[in-house]
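Participant: Any chance you could fold what I've pasted below:
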Amino acid sequence: MSTAPSKTLETFPNPQPQRQYTIHMRMPEFSCLCPKTGQPDFATLLLDYIPAESCVELKSLKLYIWSFRDEGAFHEAVTNRMLDDLVAATQPHFMRLTAEFGVRGGIYTNVVAEHRATGWVPTVKVELP
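Facilitator: Take a look at the predicted model:
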């Protein structure tokens, strides 16, 4: 696998497809360019998902995230595009992408986008005393 930025997301088979479990990833080095000014925008991405048959491979995810560094994108558009690409690659039961963008003009922006598979019902959360 190359180490150049890439829009290709690779996957591998979910090792426990019969179990609903959550994968949580924190990616603190996301950057893209402001489409108005060309200045860099920085964000921490939080990815949470419940895989079905496949999981996203981490190196390909890293290269995918890097591929946005020289692209102009509004926060809302890039967050939703990444979620769409990740869902297309993995077809999860559930996926949430949270993009926590750094301050720009005194304003912090958080964008949260979610996907739920049609017909998917989450398991009941166990509450312990």
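Participant: Show me where the protein has its helices.
Facilitator: 58-66, 75-90 (DSSP state H).
Participant: Surely residue 75 and residue 109 touch.
Facilitator: Yes - under the criterion of CB atoms under 8 Å, residue 75 makes contact with residue 109 at 5.0 Å. C-beta: built from backbone N, CA, C; applies to glycine.
Participant: what's the overlap in contacts for those two?
Facilitator: The contact sets of residue 75 and residue 109 overlap at residue 101 (CB atoms under 8 Å, 6 or more residues apart in numbering).
Participant: hmm, back to that, could you redo the helices of the chain as JSON lines and give each row mean pLDDT, distance to residue 3 and mean neighbour count?
Facilitator: Shown next, in JSON lines, are these (pLDDT from 0 to 100; distance: least, CB to CB, whole Å; neighbours: other CB atoms under 10 Å):
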{"stretch": "helix 58-66", "mean pLDDT": "97", "distance to residue 3": "7", "mean neighbour count": "17"}
{"stretch": "helix 75-90", "mean pLDDT": "98", "distance to residue 3": "19", "mean neighbour count": "18"}
